[in-house]
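In: I would like the atomic coordinates for the input below:
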Amino acid sequence: MLSPINVSMESLNLMTLAPMLIPVVGALLILVIDVVKGGLHKSLYVVLSLLFLAMDFVAIVDSSGVFMSNGTMLGVFDVMLIDGLAILAQFIIVGASMLFIPLAMTHKRFHEFSYPEFFALFLFMIAGFQFMVATDNLILIFVGLETSSLALYTLIAMHNREKSFEAAVKYFTMGALAAGFFSFGAMIFYALTGSVEINKIALVLAANGYADMGFVLVGVAFFLAALGFKLSLIPFHTWAPDIYEGSSAAMAGYMSIVPKIAGFVVAMRLFEFLVHSHIVWLEIVLYIFVVVTMTASNMWALVQTDVKRMLAYSSISHAGFVMSAILIGTTQANSALFLYWILFSFTNLGSFSMLWMSRQKHLPDNQSSDHSYDKFAGMIKTAPVAALIMGLFMLSLAGVPPFALFWGKLYLISSAVTSGYTVLALIMALNSAIAGYYYLKLIVYMFMKEPIIADGGHVYVSNATLALKTIIGIAAIGTIFAFLAINPLLEFITAFVYNSGY
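Out: Alright, predicted model coming up:
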């Protein structure tokens with residue numbers, strides 16, 4: 001007779017699950033409220049979502065204190081892994097989500113925000129991202145990836161425009177392909193090592209002296225393809241501009257930030273132990289990915305006639321830029337990655353929110369798209385404050401000092417130089433200079449061209465509400481005054497990254 005297995009609650013360490021369970025409980029509560037009493041105003045769901053996100057943020061702060069005192073925490077049969085990378089990524093995920101949710105209050109006609117299902121799916125998506133970053137178990141990473149992706153497909157489709165359905169179907173198709181690649185990669189590494197935990201996989205491969213190098217490279221290729229889709233690295237980027245165009249501007253801004261930080265953390269856990277094992281093939285392939293993604297997306301951004309598509313290609317370029325940190329693989333580079341993405345979150349969400357503010361339901365005859373450059377012509381005369389704020393975000397994205405993203409670029413390039421990647425650092429600097437052209441192009445339109453008149457009025461229209469103005473104001477303040485917080489923020493990030501062994 002088999003003896004029963006006794007599992008103590010202390011050994012499970014269920015507190016490691018708390019940050020993920022909070023948004024799940026919030027999502028279920030919203031669905032229950034809708035079943036019991038339907039037709040309630042969306043402001044209730046906005047407040048509930050913000051409340052649970054705030055509770056989630058507090059739980060992450062509590063986890064960070066425990067981590068700094070006791071080191072890396074394992075829980076739930078060692079499936080959950082709470083280390084510095086998980087905590088920093090969750091800060092960005094939940095923080096950016098708290099900035100996004102109030103945009104639901106911007107205007108009545110953006111109907112997707114009137115559905116309680118929108119907020120429930122949004123919270124489920126956040127929980128999925130948190131599971132992705134707070135584990136080194138390939139199965140749980142896959143579960144988190146699919147939970148977040150399935151919710152995100154639906155959120156895009158809920159925008160309910162023709163391009164939104166097309167975007168959701170494209171994203172679903174590409175996401176399904178990426179999920180298949182990830183599954184095959186996990187299967188190969190499990191067959192080689194008998195484990196699905198990244199740390200144990202690294203130990204077994206090192207102990208065997210990477211004897212089965214051919215199979216390792218095949219598994220890595222599958223993982224590169226899967227994460228290449230998630231991070232929109234070239235040549236797996238083809239979905240991104242169309243999905244950004246088909247989504248609402250606010251959702252496009254959110255997609256450019258939160259799913260990618262989750263992907264970066266998974267890539268860091270998967271690839272850095274292989275890079276440190278001096279697998280030259282992987283280093284060369286990552287180098288090519290980084291350089292081609294940065295450069296080609298910049299070239300495409302140069303020729304765009306729509307500001308939203310330009311920002312989509314710009315986001316791809318930034319992803320390639322940040323991927324260089326995983327190639328370099330030092331504590332300085334990994335710290336620079338998180339610093340860059342925090343600063344990028346303020347600037348890019350602010351930029352897309354400005355597009356959200358100027359969205360039009362019916363396009364004038366002279367406009368081919370909702371966010372053409374012509375729409376912003378002479379904006380300094382028609383909406384001077386909006387022009388100044390949009391100009392600020394463009395200068396920050398271009399890396400002009402002293403605005404936020406300049407410091408991210410500076411620290412990332414300096415980490416490349418310090419690690420001996422001088423040529424890569426020069427390519428990164430050159431790409432920053434190229435990107436400056438298409439950001440300045442929008443500034444030229446706003447400040448140096450005459451407004452275009454159509455249908456008896458200016459093309460530029462503003463849907464600014466108090467909620468939208470508040471979010472844009474927070475983004476602008478973060479962009480302007482980031483330099484005051486760079487040193488303490490970098491020290492904070494470095495402490496978490498270093499104590500995690502990265």
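
In: Show me what counts as buried in stretch 218-229.
Out: 219-229 (16 or more other C-beta atoms under 10 Å). C-beta: built from backbone N, CA, C; applies to glycine.

In: Would you reformat these as CSV and include secondary structure, distance to residue 118 and pLDDT?
Out: Output for those, formatted as CSV (DSSP: H, G, I helix; E, B strand; the rest coil; distance: C-beta to C-beta, whole Å; pLDDT from 0 to 100):
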residue, secondary structure, distance to residue 118, pLDDT
219, helix, 37, 87
220, helix, 37, 87
221, helix, 37, 87
222, helix, 33, 90
223, helix, 32, 89
224, helix, 33, 88
225, helix, 31, 88
226, helix, 27, 90
227, helix, 28, 88
228, helix, 29, 87
229, helix, 25, 86
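
In: ok, the residues you listed vs residue 320, which is closest?
Out: Nearest to residue 320, judged by C-beta to C-beta, of the buried residues of stretch 218-229 is residue 228 at 10.6 Å.

In: Pick the one among the buried residues of stretch 218-229 closest to residue 287.
Out: For the buried residues of stretch 218-229, the nearest to residue 287 is residue 224 (12.4 Å; C-beta to C-beta).

In: Contacts only, for that closest one.
Out: 285, 289 (C-beta atoms under 8 Å, 6 or more residues apart in numbering).

In: Show me the shaky parts of the stretch 201-350 of the chain.
Out: Within the stretch 201-350 of the chain, not a single segment meets pLDDT under 70.

In: Can you give me the buried ones in the helix or strand that residue 167 is a member of?
Out: Residue 167 belongs to helix 162-193 when assigned by DSSP states H and E. Of the residues in helix 162-193, 163-164, 166-168, 170-172, 174-175, 178-179, 181-182, 184-186, 188-190, 192-193 count as buried by neighbour count, 16+ other C-beta under 10 Å.

In: by contact count, what packs against that helix?
Out: When contacts are defined as 3 or more C-beta pairs under 8 Å, 6 or more residues apart in numbering; DSSP states H and E, helix 162-193 sits against helix 138-157, helix 198-207, helix 213-231, helix 239-246.

In: could you check the angle helix 198-207 makes with it?
Out: 40 degrees (axes from the mean of the first three to the mean of the last three C-alpha atoms, to 10 degrees).

In: Pull the distance from helix 162-193 to the chain's centre.
Out: Centroid displacement of helix 162-193 relative to its chain, using C-alpha atoms, centre = their mean, to the nearest Å, is 17 Å.

In: same question, stretch 415-435
Out: Relative to its chain's centre, stretch 415-435 lies at 22 Å (C-alpha atoms, centre = their mean).

In: what does stretch 396-413 give?
Out: 18 Å.

In: how long is stretch 205-224 from one end to the other?
Out: 18 Å (C-alpha to C-alpha, to the nearest Å).

In: Which residue, other than its chain neighbours, is closest to residue 26?
Out: residue 52 (3.1 Å; C-beta to C-beta, 6 or more residues apart in numbering).

In: ok, back up a step: turn the helices and strands packed on helix 162-193 into TSV, columns for distance to residue 357.
Out: Formatted as TSV, the helices and strands packed on helix 162-193 follow (distance: least, C-beta to C-beta, whole Å):
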stretch	distance to residue 357
helix 138-157	20
helix 198-207	42
helix 213-231	28
helix 239-246	17
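
In: between these, which gets nearest to residue 290?
Out: Per C-beta to C-beta, nearest to residue 290 of the helices and strands packed on helix 162-193: helix 213-231, 10.9 Å.

In: what inclination does the closest one have with respect to helix 162-193?
Out: Counting by the same axes, to 10 degrees, helix 213-231 lies at 160 degrees to helix 162-193.

In: got the contact list for residue 273?
Out: Counted by C-beta under 8 Å, 6+ apart, residue 273 has contacts 198, 202.

In: Kindly report the same for residue 267.
Out: 227, 231, 323, 326.

In: Then residue 95?
Out: Counting by C-beta under 8 Å, 6+ apart, residue 95 touches 57, 345.

In: Residue 345 versus that one, what's the distance?
Out: 7 Å (C-beta to C-beta, to the nearest Å).

In: again with residue 261
Out: 8 Å.

In: swap in residue 452?
Out: 32 Å.

In: do the same with residue 237
Out: Taken as C-beta to C-beta, the span from residue 237 to residue 345 is 20 Å.

In: try residue 264
Out: 13 Å.

In: quick one: which of the two has more around it?
Out: Using other C-beta atoms under 10 Å as the criterion, residue 264 and residue 345 rank with residue 264 on top: 27 against 24.

In: among the helices and strands packed on helix 162-193, which is the most enclosed?
Out: helix 239-246 (a mean of 23; mean count of other C-beta atoms under 10 Å).
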